[in-house]
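In: Give the three-dimensional model of this entry:
(2 chains, ligands or ions: 1)
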Amino acid sequence: MLNGLVAPLDRANVDTDAVIPKQFLKSIKRTGYGENMFDAWRYLDIGQPGMDNSKRPLNPDFVLNQPRYKGAEILLARKNFGCGSSREHAPWALQQYGFKCVIAPSFGDIFFINSFKNGFLPVVLAESEVDSLFYDCALPGFRLVVDLDRQTVSTTDGSKSYKFEVDPSSRHLLLNGLDEIGVTLRHADEIRAFEARRQAQFPWLFR
Amino acid sequence: MSRTLYDKLWESHVVREEADGTALLYIDRHLVHEVTSPQAFEGLKLAGRKPWRIGSVVATADHNTPTTGWERGLAGIEDPIARLQVDTLTANIKEYGAKVYFPFLDKRQGIVHVIGPEQGATLPGMTVVCGDSHTSTHGAFGCLAHGIGTSEVEHVLATQTLVTKKMKNMRVTVEGTLGRGVTAKDVALAVIGRIGTAGGTGSAVEFAGSAVRSLTMEGRMTLCNMAIEAGARAGMVAVDDTTIQYLKGRTFSPSGPEWDQAVATWKVLTSDPDAKFDREVKLDAHDIAPQITWGTSPEMVVAVQDHVPDPDKEKDPTKREGMERALIYMGLKPRTPMQDIFLDKVFIGSCTNSRIEDLRAAAAVAKGRKVAPNIKVAMVVPGSGLVKAQAEKEGLDKVFRDSGFEWREPGCSMCLAMNADRIEPGERCASTSNRNFEGRQGAGGRTHLVSPAMAAAAAIAGHFVDVRSWR
Ligand code: SF4
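Out: Okay, the predicted model is just below:
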């Protein structure tokens, strides 16, 4: 269960290039992306890897730079969030910045999957529900409670509560942080048998 | 039961399926590049695991590699961080192996989505994955091909399978004959303009109809490449003679008696005539004009004879704000005729439009003409070393050079500007690539997506022109 401060990002079709620009993809590590999340919107200068981000000029007009959203753990977004590039650096950056969950009416397919693989929860709510949350978000200190067990997003006073869907295997992954490869390898014999059949049938695929 | 092409591809690769529909899908071909693989190999190493079937891996370095200075060897990669990433791929392939690796400077190196098909490493009936969203390109061959994230790259390396769920079936049918100067790129953009960048979300899209069947494999690849810009992870085209002819004699295509055997299994890779799709979209080829994007999302697109749209006419407030923001970013005024837009740079390349047919189309327009003086740089970046060699054999490099285009070494280049090729803040570029997102081709850069012929014509005129009136 997560009870977190909500930050609104009121634009549709936010692509993963915007979440984490290409120059930061040169890293061979899994960490260090949080400070460059939304880099082009967040800072006034052009970011490069290796810069001291604490010394860079912040864009005062970018919503996440407003002091009231400091420490936000839930990102409220518009439709088709995370479209575009398959870069897993996008959920890494959001997570490393401090977000634990993003709520939107729809997501880019690859981003949606990548998020689960990292224990970062993308929540799909109806467009009208997201609209009403954007409205509520005008209230300073607006928080939401995201309950993965019950699959609900609720206001802290319980006045609003919306249901969301998560398929059982993704939910399991989030709750238990499983090693998915390890789980798959329990079926190694089945994979091997399938592979042998396939190779007999289509030998040219295995040359 | 009648099945779609996607149903057939899906069913033939399911190793096991859980009650909730989550399946283990067997992966035939795994394409690997330097940007999305290092963390996957590291994960493998940390867990003490080995790749399941290294023979499925085809690897290349393409995203970060420079398009000039190849004579300097590895030192030509001036950016030390990029260099480390390219070196890391080489080290990982050295340690774990691959069916084939086309490293930086190799004659066959190139954009991963150009070299796979070119080598015959992408074959009908395969599942093809790559840590890159434009993997949808390979669906042109009647395979199930889609992009995956880095965690999935690691999962495929370790298990040869993907944990995934079946997508919905969607069909985009384009009937009729495309007009002169109208290309697969224009079809792709027109489709995205119609259904939006989320129109294909959750679906595997099959492109069908007489206009699609009459496309060459290059054209079909362009179309499937852009499926992801319509939100669909996978795009595909049924196998026909065009597919089979293209594959004959390629390095990794089957040969001898196996060729006939393979062809027999490929011919059934079509949707059954009465197969049901969850969603159908139909376009008439006659209605499609050369397309130009005006905004910061591929769905922000109009025909060449049109104007920059007016946000005041948009009723949906989120959409209107998006349009207004895009116009500010793009430095455009509503109602400006598209052909009055002047450019600073022109980029012909990327996995969308860097194949030989694309270069021929651009060269045909450029031949005997000069790039306009207001164009600071017009560059042509072939998709692979083999495309480059073929183009040079045909003298296309000379046509481009004589016209004032730069003729570069292969790679992703200015499509995503991870290397030194980019547009500077405020500069405007006609680009044959696939994404006009803010900052995609360089921070503050303004991208207009077009076909190769339209890009070449824009380079010559200095502003957009209608290639249909080009003599
Ligand atoms: S050419 Fe562009 S879109 Fe294609 S793989 Fe390279 S960076 Fe991605």
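In: and the stretch 301-450 of chain B, which residues reach the ligand?
Out: Applying CB under 6 Å from any ligand atom, one finds that the stretch 301-450 of chain B approaches the ligand through B:350-351, B:412, B:415-416, B:433-434. The way it works is simple: take the backbone N, C-alpha and C, and place the C-beta from them, glycine included.
In: And those residues, which of them are buried?
Out: Buried by 16 or more other CB atoms under 10 Å in any protein chain shown: B:350-351, B:412, B:415-416, B:433-434, out of those.
In: Take the residues you listed and keep only those in helices.
Out: Using DSSP state H, the subset of these located in helices is empty.
In: Return only those of the residues you listed found close to chain A.
Out: Contacts with chain A within these, as defined by CB under 8 Å from any CB of the partner chain: residue B:416.
In: Can you classify the closest residue to residue B:458 other than its chain neighbours by secondary structure?
Out: Nearest residue to residue B:458, sequence neighbours excluded (CB to CB, 6 or more residues apart in numbering or on different chains): residue B:430, at 4.2 Å. Under DSSP: H, G, I helix; E, B strand; the rest coil, residue B:430 falls in the strand class.
In: Ok, the one 10 residues further on next?
Out: Remark: residue B:440 carries the secondary structure label coil [criterion: three-state DSSP].
In: shouldn't it be in contact with residue B:447?
Out: Yes - Residue B:440 lies in contact with residue B:447 (CB atoms under 8 Å); the separation is 6.1 Å.
In: tell me which residues of the longest helix along chain A are tucked away?
Out: Counting residues, the longest helix in chain A under DSSP H turns out to be helix A:188-201. Neighbour-count burial for helix A:188-201 flags A:191, A:194-195, A:198 (criterion: 16+ other CB under 10 Å).
In: what's the answer for stretch B:366-373, then?
Out: By neighbour count with 16+ other CB under 10 Å, stretch B:366-373 contains the buried residues B:366, B:369, B:371-372.
In: Who is residue B:236 paired with across the strands?
Out: Residue B:236 has these beta-bridge partners by DSSP bridges: residue B:206.
In: Indicate each strand paired with the biggest strand by length in chain A and its parallel or antiparallel sense.
Out: Scanning chain A for the longest strand, with DSSP state E as the assignment, gives strand A:2-9. Strand pairing for strand A:2-9, using DSSP bridges, gives strand A:74-77 (parallel), strand A:143-147 (antiparallel).
In: could you dump these to a markdown table with mean neighbour count?
Out: Shown next, in a markdown table, are those (neighbours: other CB atoms under 10 Å in any protein chain shown):
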| stretch | mean neighbour count |
| --- | --- |
| strand A:74-77 | 25 |
| strand A:143-147 | 19 |
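In: can you redo those strands as TSV with mean pLDDT?
Out: Listed next are the strands paired with strand A:2-9 as TSV, based on pLDDT from 0 to 100:
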stretch	mean pLDDT
strand A:74-77	98
strand A:143-147	97
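In: Residue B:136 is nearest to which of those?
Out: The closest of the strands paired with strand A:2-9 to residue B:136 is strand A:74-77. By CB to CB, the value is 24.0 Å.
In: Which residue ranges of chain A form strands?
Out: Using DSSP E, strands in chain A cover A:2-9, A:74-77, A:101-104, A:121-124, A:143-147, A:152-155, A:161-163.
In: Quick one: the helices in the stretch 251-400 of chain B, in order.
Out: With DSSP state H, counting those that start in this stretch as the criterion, the stretch 251-400 of chain B has helices at B:257-266, B:317-330, B:356-366, B:385-393, B:396-403.
In: Can you tell me which of the ones you listed is packed in deepest?
Out: Burial of the helices of the stretch 251-400 of chain B is given as mean neighbour count (mean count of other CB atoms under 10 Å in any protein chain shown); helix B:356-366 ranks first at a mean of 24.
In: now for the strands paired with strand A:2-9, which one comes closest to residue B:264?
Out: Closest approach to residue B:264 among the strands paired with strand A:2-9 (CB to CB): strand A:74-77, 48.9 Å.
In: What lies in contact with the closest one?
Out: With CB atoms under 8 Å, 6 or more residues apart in numbering or on different chains as the contact definition, strand A:74-77 has outside contacts at A:2, A:4-9, A:14, A:94, A:99-104, A:130, A:133-134, A:137, A:143-144, A:146.
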